[in-house]
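[1] Quick one, fold the following:
(2 chains)
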Amino acid sequence: MRFARTPCYAPVRKTRAETMNLFDDIRTLVLDALTATVRDGGLPEGLSFDAVTAEPPRDAAHGDVATNAAMVLAKPSGLKPRAIAEALAERLRADPRIAEVEVAGPGFLNLTLTPAVWQGLVGTVLRDQTGYGRSQLGAGKRVNVEFVSANPTGPMHVGHTRGAVFGDALASLLEYAGHDVTREYYINDGGAQVDVLARSVYLRYLEAHGQDVAFPDGTYPGDYLIEVGQALKDKVGDAYLDKGEDVWLEDLRDFATAAMMELIRDDLASLGVKMDLFYSERSLYGTGKIEAALADLDAKGLIYEGVLEPPKGKLLEDWEPREQTLFRSSLHGDDVDRPVKKSDGGWTYFAPDIAYHYDKVTRGFDALIDVFGADHGGYVKRMKAAVSALSGGKVSLDVKLIQLVKLTRNGQPLKMSKRAGTFVTLRDVVDQVGQDVTRFVMLTRKNDAPLEFDFDKVLEQSKDNPVFYVQYAHARICSVLRKAEAMGVDVSDAAIAAQDLSDISDPAELALIKKLAEWPRLVEIAARTNEPHRIAFYLYELASEFHGLWSRGNDATGLRFLQEDDPALTATKIALPKAVSVVISAGLGILGVTPLEEMR
RNA sequence: GGCCCCGUAGCUCAGUGGAUAGAGCGACCGCCUCCUAAGCGGUAGGUCACAGGUUCAAAUCCUGUCGGGGUCACCA
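    All right, here's what the predicted structure looks like:
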């Protein structure tokens, strides 16, 4: 593997094995050294190197990259960790990228890289731009991300907002990691709630004709249906007045859901979310699709008529044994089998969802991701069972449950009630704090942790507001670049990247570069775990490193990016902040947040 | 009661099996004739709920217990 010896700072075309992920490159180097050691008889043949890692150590005193090779191989090889480590160290020292090798702790090999490696990394970032960090992790993999999927019965509320941002950012993240991603919305337009919607619109229609109407329980009294009723009047005139449901219900279902979906599309657009496909539940009924999906399960012996046991330990007074059509989901990891037909012969909600996921499977996706509200946790096992059964275990399904958003204002909880009209919609949030802030804040928690969203705090301009803090770093960099340009410096990426960057060598500068080096690795971890919040946290850390270096320039003028009366040195010093801005832009891009060039 | 998620600093939370567990807020002490102080540096603060187990190595994986939340046939 001679090419592995090519210094990665050399402006050469990347070889197949050389990635943008520095830690992968070093791991390759370690594996090469291990292979050579085996060849020379220093290690037995047939060892697996799978457990060997090369990671950034938590403590900077432990060098730049640490590998556990000696520890994981000690037992299988029957050698002492120390002996393996020493032999490896010898070989690793020969690589031009390695400045120092140290055996430490229980057998870690701590590697320190040469400044040239770090300087070269800045050049790489500037050349690759937002392509720096893009991964081939998902190359050739098609992923379907289903998210939001709110009932088409009204405008989106805050709970949907978090799911929408999460799903969209996750989709972008997976794209960035090389996957072919489809963003999809399942329209729950097949159930009884659509009839309720249609009747509610009918009431508003009567109202538009000047009638006095009341909204009994089981109807939607929301104002947002007023204009829908008016629109219906404009369309059909008085054709439905004094007519029974048998005349208008069918038509109103279509009319009302279409109106609601328009509302929802607008809501999504205000968040910057664009779906690739809206998939209608109703399109599954009467088209043989549900039957086909269940036939597939039936052919696998997974459909039967049977009676369920009553739920364990829970008292259900009205429970009675009943024969139903059941899916043998318990054979695919579920706790009990699940009914697909109701006692009246109609499908349960589960049945069309099986058909929908069957459709996804047959469309050829390699992986499916469903983003649900946390209250759907009880639905996960059966859905996974369905996908497992339908795909013969070939397609994976990961369900991400989104916890609640707790809305507050100045620390005081906002009471929400549909009846009291204090119901907070997605639009309320976006209108008040803006798309960028909404998106970023929604990603500052792990998906399965509750999120507090404080209308005042998210607009606060201080370091405890991560949105601001990251944006501020970017704006500072843009400010520096503007001033450098005013000094007559060519600030184009090509010009900066083409320079000799060996003047960027202060430990404080190298520390910031090392943070940049973690970016490709972080992207892969985030993509592998389907956790876009990791991007937001990383950006905060990167911004923090940057602000730290900036402030050092207060005392140490040599660390300032703008070097007075020295355009040539300024051109060099500017490379690092510029690279930082590239990564911030890439990261914010994944989150769907626009980087600010100025904040005053 | 079954299943799922959570339990980490006073508070809010990070932490793909690695070394001495981190950040922000709050508290205390410093830093602007100087690229945006909307910032930076430092101090204090911990039985990673508890008990076992696996491992060279556990906040992380497994089992159990305790505590908080969600959910529980014929709703969607």
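[2] low-scoring stretches of the stretch 351-500 of chain A, by residue?
    Low-confidence segments of the stretch 351-500 of chain A (pLDDT under 70): A:416-422.
[3] no wait, chain A
    Within chain A, the segments meeting pLDDT under 70 span A:1-19, A:313, A:315, A:416-422.
[4] Tell me the buried residues in the helix or strand hosting A:Ala526?
    Secondary structure assigned from DSSP states H and E places A:Ala526 in helix A:519-529. Across helix A:519-529, burial judged by 16 or more other CB atoms under 10 Å covers A:519-524, A:526-527. The way it works is simple: take the backbone N, C-alpha and C, and place the C-beta from them, glycine included.
[5] Where is the longest helix in chain A?
    Looking across chain A with DSSP state H, the single longest helix is helix A:245-271.
[6] right, is that helix up against RNA strand B?
    No: counting by CB under 7 Å from any atom of the strand, no contacts exist between helix A:245-271 and RNA strand B, the nearest distance being 11.6 Å.
[7] same deal with stretch A:472-491?
    Yes: judged by CB under 7 Å from any atom of the strand, stretch A:472-491 and RNA strand B are in contact via A:472, A:475-476, A:478-480, A:483.
[8] Cross-reference those with the helices and report the matches.
    Counting by DSSP H, the part of the residues of stretch A:472-491 next to RNA strand B found in helices is A:472, A:475-476, A:478-480, A:483.
[9] what does the stretch 401-550 of chain A have sitting close to RNA strand B?
    So the stretch 401-550 of chain A meets RNA strand B at A:401, A:403, A:445-446, A:448-452, A:461-464, A:468-469, A:472, A:475-476, A:478-480, A:483, A:521, A:525, A:528-529, A:531, A:533-534, A:537, A:540, A:544, A:547-550 (CB under 7 Å from any atom of the strand).
[10] Drop anything exposed from those residues.
    The buried subset of these (16+ other CB under 10 Å) comprises A:401, A:403, A:445, A:451-452, A:468-469, A:472, A:475-476, A:478-480, A:521, A:531, A:533-534, A:537, A:540, A:544, A:549-550.
[11] where does the residue lying farthest from the centre of chain A fall, phi/psi-wise?
    Relative to the mean C-alpha coordinate of chain A, counting by CA atoms, centre = their mean, the farthest residue is A:Asp242 (50.8 Å). Taking degrees, to the nearest 10, you get phi 50, psi 30 for the backbone angles of A:Asp242.
[12] Strands of the stretch 151-300 of chain A, start to end?
    Secondary structure of the stretch 151-300 of chain A by DSSP state E, counting those that start in this stretch: the strands cover A:180-187, A:277-280.
[13] Pick the most deeply packed of those.
    Among these, strand A:180-187 has the highest mean neighbour count (mean count of other CB atoms under 10 Å), at a mean of 21.
[14] Quick check: can you name the pairing partners of that one and their directions?
    Strand A:180-187 has the following sheet partners, assigned by DSSP bridges: strand A:142-146 (parallel), strand A:277-280 (parallel).
[15] touching RNA strand B at all, the last one?
    No: contact between strand A:277-280 and RNA strand B is absent, the nearest approach being 11.7 Å (criterion: CB under 7 Å from any atom of the strand).
[16] who's in contact with that strand?
    Here strand A:277-280 makes contact (CB atoms under 8 Å, 6 or more residues apart in numbering) with A:182-187, A:189-190, A:261, A:356, A:359.
[17] how distant is it from the center of its chain?
    When distances are taken as CA atoms, centre = their mean, to the nearest Å, strand A:277-280 is centred 21 Å away from the chain's centroid.
[18] Spit out the contact partners of A:Lys514.
    For A:Lys514, the contact set (CB under 8 Å, 6+ apart) comprises A:56, A:64, A:118.
[19] ok, it to RNA strand B distance?
    The spacing between A:Lys514 and RNA strand B, counted by CB to the nearest atom of the strand, to the nearest Å, is 14 Å.
[20] Would you state the strands of the stretch 351-500 of chain A in chain order?
    For the stretch 351-500 of chain A, applying DSSP E, counting those that start in this stretch gives strands covering A:367-373, A:396-402, A:405-409, A:412-413, A:451-454.
[21] ok, back up a step: now, which of the residues of stretch A:472-491 next to RNA strand B sits nearest A:Val122?
    Using CB to CB, A:Val480 comes nearest to A:Val122 of those, at 15.1 Å.
[22] Just give the closest residue to the closest one, not the sequence neighbours.
    Nearest residue to A:Val480 in three dimensions, chain neighbours excluded: A:Phe561, at 4.9 Å (CB to CB, 6 or more residues apart in numbering).
[23] secondary structure class for the one you found?
    coil (DSSP: H, G, I helix; E, B strand; the rest coil).
[24] That one is in contact with A:Ser479, isn't it?
    No: in this structure A:Phe561 lies outside contact range of A:Ser479 using CB atoms under 8 Å: 9.9 Å.
[25] circling back to that earlier point, how many other residues sit next to the residue nearest to A:Val480?
    23 (other CB atoms under 10 Å).
[26] so how far is A:Leu542 from it?
    16 Å (CB to CB, to the nearest Å).
[27] A:Asp298 too?
    Distance from A:Asp298 to A:Leu542, counting by CB to CB: 54 Å.
[28] Over to A:Asn465?
    Between A:Asn465 and A:Leu542 the distance is 16 Å, computed by CB to CB.
[29] And A:Asp375, by the same measure?
    Taken as CB to CB, the span from A:Asp375 to A:Leu542 is 35 Å.
[30] likewise A:Arg482?
    Going from A:Arg482 to A:Leu542 by CB to CB gives 21 Å.
[31] that older thread, so for A:Ser505, which of the strands paired with strand A:180-187 sits nearest?
    Of all the strands paired with strand A:180-187, it is strand A:142-146 that lies closest to A:Ser505, at 42.0 Å by CB to CB.
[32] Alpha carbons of that closest one, as PDB, please.
    Only the C-alpha atoms of strand A:142-146 are listed here, as PDB (Å, rounded to 0.1, in the frame of the first residue of the first chain):
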ATOM      1  CA  ARG A 142     -31.500   4.200  -1.100                       C
ATOM      2  CA  VAL A 143     -33.200   5.400   2.100                       C
ATOM      3  CA  ASN A 144     -36.800   6.500   2.600                       C
ATOM      4  CA  VAL A 145     -37.400   8.900   5.400                       C
ATOM      5  CA  GLU A 146     -41.100   9.200   6.300                       C
END
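[33] Do I have it right that A:Val143 meets A:Arg183?
    No: A:Val143 lies out of contact with A:Arg183 (CB under 8 Å); the separation is 10.0 Å.
[34] Excluding chain neighbours, what is closest to A:Ala150?
    A:Ala150 sits nearest to A:His160 (CB to CB, 6+ apart), 4.9 Å away.
[35] With that, I have no additional questions.
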